[in-house]
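*Asks:* Build me a structure from this.
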Amino acid sequence: MLVWDPIGVADSTEAQEEFDCLISPLMHQLHDGASERDIGKWLIQELSDHFGMTPEKNRERALAKELTNWWHSAFARPIE
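*Replies:* So this is what the prediction gives:
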């Protein structure tokens, strides 16, 4: 499993909620069937625009891939 911690706060109790604002929009995108590419682009844009960071595009794309794979394996509907 990929550990995604773009600003290195995973071990800081004071900053554990730093990226919580991404969870709801991300879950909605996954639920609505967003592609790995779309989620990667969204993560890159959020880090840049909302957090004022310079994204590491390969890291964000890897996270998008892992998230979409997780979503499809966890919530895939059987073919009827």
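*Asks:* gap between the closest residue to G40 other than its chain neighbours and D49?
*Replies:* Excluding the flanking residues, the one nearest G40 by CB to CB, 6 or more residues apart in numbering is A64, at 3.6 Å. (C-beta placed from N, C-alpha, C; glycine too.) A64 sits 17 Å away from D49 when distances are taken as CB to CB, to the nearest Å.
*Asks:* If you count surrounding residues, which of the two has more?
*Replies:* A side-by-side neighbour count of A64 and D49, using other CB atoms under 10 Å, places A64 first with 24 against 9.
*Asks:* Can you list the buried residues in the strand or helix carrying that one?
*Replies:* Take DSSP states H and E as the rule and A64 turns out to sit in helix 57-75. Residues R59, E60, R61, L63, A64, L67, T68, W71 are the ones in helix 57-75 that count as buried (16 or more other CB atoms under 10 Å).
*Asks:* how close does the fifth one sit to S73?
*Replies:* As judged by CB to CB, A64 and S73 stand 15 Å apart.
*Asks:* Also G33?
*Replies:* From G33 across to S73, the span is 15 Å (CB to CB).
*Asks:* V3: how many residues sit nearby?
*Replies:* For V3, the count of nearby residues is 6 (other CB under 10 Å).
*Asks:* Contacts only, for F75.
*Replies:* Under the criterion of CB atoms under 8 Å, 6 or more residues apart in numbering, F75 has no neighbours.
*Asks:* what do you get if the cut-off is 10 Å, keeping everything else the same?
*Replies:* Residues near F75 by CB atoms under 10 Å, 6 or more residues apart in numbering: L30, H31.
*Asks:* Strands of the protein, start to end?
*Replies:* Applying DSSP state E to the chain gives no strands.
*Asks:* Below-threshold pLDDT in it: ranges please.
*Replies:* 1-2, 10, 15-16, 77-80 (pLDDT under 70).
*Asks:* Can you show me the helices along it?
*Replies:* Applying DSSP state H to the chain gives helices spanning 23-31, 36-49, 57-75.
*Asks:* Buried residues of the first one, list them for me.
*Replies:* For helix 23-31, burial by neighbour count (16+ other CB under 10 Å) applies to L26, Q29, L30.
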